[in-house]
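Novice: can you look at this prediction? I've put the sequence above it.
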There are 2 protein chains.
Amino acid sequence: MSNGKSSVGSDTTTRAGAPAHRPLRVALLGCGVVGGEVVRLLHEQAEDLTARIGAPIEIAGIAVRRPQRDRGGLPVPAAIFTTDPLGLVKRDDVDIVIEVVGGIEPARTWLVEALRSGKSVVTANKALLAEDGATLHAAAAEGGADLYYEAAVAGAIPLLRPLRESLHGDRITRVTGIVNGTTNFILSKMCTTGAGFSEALDEATALGYAEADPTADVEGFDAAAKAAILASLAFHTRVTAADVYREGITEVTAADVASAAAMGCVVKLLCIADRTADGGVTARVHPAMIPTSHPLASVGDAFNAVFVEAEAAGQLMFYGRGAGGAPTASAVLGDVVAVARNRISGTVSRGESSYADLRVQPMGEVVTRYHISLDVADKAGVLAAVAGVFAQHAVSISTVKQSGRGNDAVLVIVTHAATDAALAATVAELRSMDMVREVASVMRVES
Amino acid sequence: MSNGKSSVGSDTTTRAGAPAHRPLRVALLGCGVVGGEVVRLLHEQAEDLTARIGAPIEIAGIAVRRPQRDRGGLPVPAAIFTTDPLGLVKRDDVDIVIEVVGGIEPARTWLVEALRSGKSVVTANKALLAEDGATLHAAAAEGGADLYYEAAVAGAIPLLRPLRESLHGDRITRVTGIVNGTTNFILSKMCTTGAGFSEALDEATALGYAEADPTADVEGFDAAAKAAILASLAFHTRVTAADVYREGITEVTAADVASAAAMGCVVKLLCIADRTADGGVTARVHPAMIPTSHPLASVGDAFNAVFVEAEAAGQLMFYGRGAGGAPTASAVLGDVVAVARNRISGTVSRGESSYADLRVQPMGEVVTRYHISLDVADKAGVLAAVAGVFAQHAVSISTVKQSGRGNDAVLVIVTHAATDAALAATVAELRSMDMVREVASVMRVES
């Protein structure tokens, strides 16, 4: 495809014969599972990438902690590895910085340096974007540089670009997603086999779907970071990880899953961002029951899916692999093509859009439904007393199912929509009642 | 952001206080269901659009056949309507041309005129793009103008931009879509109620899902145009409507649907574009049986969904409303925002990408599986004779089920993958056999 390339800069021609740009040079920060796949794809698809971009992509350097580590024969010379990421970022011959290390620092320092000096950044760093995206966006604006992060949410699924661009003629009202593969694998197992949380987690760990320390996944931190990013893009409002209500899946029991099944539902860890009736937005991550007929209900194993509702477009769903080396690398490379094209045409994509600046409402104001399972004493007056508690808090009951069990009875109550604060106060009062032996299960219901 | 353009508009400021660009002016060609929604959205979302674009959008004129027609109180003055689309396109105060009329001519003349003179074009015209996209792309290149057409395929679903951009770091291997809502409604009805084609078509017509003349939908012309567009984008190869094998759903019977159900399948009209083992591509539209476990099987009613497989990304699916005024207008407006931003920043998006120029293989070379149902004489030697015909054509049989019915028997045969030519020749020979009373059903099977 190219010819006569002596150094980095001379003009070449594309396959079609048009004059081509000098090669664009990439600094890769991190070379683990994702970084290795990025290198492999850059190599294997070099000819196609050159044609699509209008210039070849070359790797200027790869910053890693252990340059000597065996990386399974990546197609790059050993001399390309460095242990000095900041030095690599600062090099004059670098056009594009790809960051797949993760974490807040030192990644932030590297990316701010890159953006301020006008280098394009492609990152998969959801934690940094959710905690301090504003700093990155400001550095991008200052340096007149592109900041792309499709791989940060839902891996390979082209989702952020549709939100950033395709749906800009519409008003998004709600985003509901399954954005963490580990917890979806665990919950899917619990739903299909009746296993408890620990058992399902063990299986996820054994199969490589859960990390040795699964906290970020099972406690919902990973999903919360993604919720912040999605809410920011959907509502043109800056939403950070701290704004997102977060509840993981460690308290979800086999009994919850069975209760869900009994009412035609499955349990999923949902990330929900929506526009509220009073003009604010909410962002939250928690387990919830959803009907088996909901398009998200059948998203199994480690797959991700995001359901988007917009005023004109109606219901949309995006489905695919949310993690893994190759899928994440696909998203990274898609961004690399975009920023590379921008460099060649001398343009920069529109940066952060936070003009709407809507109020992020606290969880207490969120309107949801609840499924509550109570072990109660089986005697006269119990149902009336329990129902009275709901009424006091102005929470309307949708359905009640009572079944006897020796001296006890089980009451399963599903409420109509009410504020989360009212529902939580109702549950707290139920817990304090003598005739309620146990609040066996409490879970939000989404539809 | 530029300033000092006096003709159309004075400088304004955005909600955030930043200096804004002069208003961008839109010519709308066509004001039916989609056009009316475009006008309504431009009006209702004016403030958001201005903030997202960095300039207000104004309607310069709307070309229609009957300016006097009652359009349900659209928020535009009567004087804005014209019966001279070409004159409107040529006006100096028009920046962006939106075409929602459809058909080859005169739409092509209008759009070529617009593009050559450097005006951005947003169109939903799948027929024109599939028949003669090359002329439009050439005009866009000549005029240095943007040509966007997200609304041409799968309505509101952001699909073309992911194919044009997000997946450019990957190699797409196959696109399988349900891209025609009318036929999906009809086939869904046939699958759930056991109705025949005519009966289901009548219901679709009564509910407004089918047009008075349903030919373009039920004969697969609409889906074939979309297949051409999808294949072109997915494979960086120019594929026209004439390259697409096309078979509609008018021959699908209640018996076919029942046969599909008996083997755990449903019948869908699929648009399939794939990369073949010998480096070519295929593009085809035909009814096919797919397993109920396939993500496309549960896409019901008039919804659309497109399943994309790529080497690194794996399996992706995009789902949503494929037609209707508001969903289509959402896609149009998303494109308007994109081309408007480009005008403000003085850039043009990358045009047609057809560098790969892969060979489009004829249907005979396509490798598929077949489901064949035969009414045969119930006597010795029939199965051997029938199996012999398959063997002669080197088509391997996967499963056979024989059941008696008086003097006759029914043979249901599912083949392994073979070329379409071999399968067709096998079926033709079966039809000529005395002991085969009828070839009751022949349908491709995809998985």
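Specialist: Done, it's in.

Novice: and the residue in the stretch 101-250 of chain A that chain B sits nearest to, what does it touch?
Specialist: Closest approach between the stretch 101-250 of chain A and chain B, counting by C-beta to the nearest C-beta: A:Gly169, at 2.2 Å. C-beta: built from backbone N, CA, C; applies to glycine. For A:Gly169, the contacting residues are A:312, B:41, B:45, B:49, B:329-337, by C-beta atoms under 8 Å, 6 or more residues apart in numbering or on different chains.

Novice: and it, how far from B:Glu352?
Specialist: Distance, A:Gly169 to B:Glu352, using C-beta to C-beta, to the nearest Å: 23 Å.

Novice: before we move on, back to that, only whichever of the contacts of A:Gly169 are buried, select them in PyMOL.
Specialist: If you want just the buried ones from those in PyMOL, going by 16 or more other C-beta atoms under 10 Å in any protein chain shown, the selection is:
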select buried, (chain A and resi 312) or (chain B and resi 41+45+49+329+330+331+332+333+334+335+336+337)
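
Novice: what's the closest of the contacts of A:Gly169 to A:Ala152?
Specialist: B:Gly334 (21.6 Å; C-beta to C-beta).

Novice: for A:Asp278, grab the count of nearby residues.
Specialist: Other residues within reach of A:Asp278, judged by other C-beta atoms under 10 Å in any protein chain shown, total 8.

Novice: also the one 3 residues further on?
Specialist: Neighbourhood size, A:Val281 [other C-beta under 10 Å]: 22.

Novice: likewise A:Val26?
Specialist: Applying other C-beta under 10 Å, we find 25 residues neighbouring A:Val26.

Novice: that one bridge partners, please.
Specialist: Bridge pairing for A:Val26 (DSSP bridges) gives the partners A:Ile59, A:Ile96.

Novice: my guess is it contacts A:Leu41, does it?
Specialist: No: assessed by C-beta atoms under 8 Å, A:Val26 is found out of contact with A:Leu41, at 11.8 Å.

Novice: what helix or strand is the residue nearest the centre of chain A located in?
Specialist: Closest residue to the average C-alpha location of chain A: A:Lys226 at 3.2 Å, with C-alpha atoms, centre = their mean. Per DSSP states H and E, A:Lys226 falls inside helix A:221-235.

Novice: any residue of that helix touching chain B?
Specialist: No: Helix A:221-235 does not reach chain B (C-beta under 8 Å from any C-beta of the partner chain); its nearest approach is 10.7 Å.

Novice: show me how far that helix is from its chain's centre.
Specialist: Computed by C-alpha atoms, centre = their mean, to the nearest Å, the chain-centroid distance of helix A:221-235 equals 6 Å.

Novice: packing partners for the helix or strand that that helix is followed by?
Specialist: The helix or strand immediately downstream of helix A:221-235 is strand A:245-246, counting by DSSP H and E. Using 3 or more C-beta pairs under 8 Å, 6 or more residues apart in numbering or on different chains; DSSP states H and E, the elements in contact with strand A:245-246 are helix A:221-235, strand A:281-291.

Novice: try it again at 7 Å.
Specialist: In this structure, strand A:245-246 packs against strand A:281-291, with contacts taken as 3 or more C-beta pairs under 7 Å, 6 or more residues apart in numbering or on different chains; DSSP states H and E.

Novice: tell me what the strand it packs on is packed against?
Specialist: Secondary-structure packing of strand A:281-291 (3+ C-beta pairs under 7 Å, 6+ apart): helix A:221-235, strand A:245-246, strand A:265-275, strand A:436-445.

Novice: tell me which residues in that strand are buried?
Specialist: A:281-290.

Novice: in three-state terms, label A:Ser259 for me.
Specialist: helix (DSSP: H, G, I helix; E, B strand; the rest coil).

Novice: quick check: it vs B:Ala200, distance?
Specialist: 39 Å.

Novice: at which residues are the helices of chain A located?
Specialist: Under the criterion DSSP state H, chain A carries helices at the ranges A:33-44, A:46-53, A:85-90, A:107-116, A:126-143, A:160-164, A:181-193, A:197-206, A:215-218, A:221-235, A:254-262, A:325-345, A:382-392, A:420-431.

Novice: which one of those helices lies closest to A:Arg65?
Specialist: Of all these, helix A:85-90 comes closest under C-beta to C-beta, at 9.5 Å.

Novice: now do that closest one: distance to the chain's middle.
Specialist: Using C-alpha atoms, centre = their mean, the distance from the centre of helix A:85-90 to the centre of the chain it belongs to is 28 Å.

Novice: likewise for stretch A:139-149?
Specialist: Distance, centroid of stretch A:139-149 to centroid of chain: 21 Å (C-alpha atoms, centre = their mean).

Novice: with stretch A:71-90 instead?
Specialist: Stretch A:71-90 sits 29 Å away from the centroid of its parent chain (C-alpha atoms, centre = their mean).

Novice: same question, stretch A:277-290
Specialist: Here stretch A:277-290 is found 15 Å from its chain centre; the criterion is C-alpha atoms, centre = their mean.

Novice: residue in the stretch 301-447 of chain A nearest to chain B?
Specialist: Nearest residue of the stretch 301-447 of chain A to chain B: A:Leu333, at 2.2 Å (C-beta to the nearest C-beta).

Novice: hang on, that residue packs against A:Leu41?
Specialist: Yes: counting by C-beta atoms under 7 Å, A:Leu41 is a contact partner of A:Leu333 at 5.4 Å.

Novice: that older thread, just say which of the helices and strands packed on strand A:281-291 is most tucked in.
Specialist: Stretch with highest mean neighbour count among the helices and strands packed on strand A:281-291: helix A:221-235 (a mean of 28; mean count of other C-beta atoms under 10 Å in any protein chain shown).
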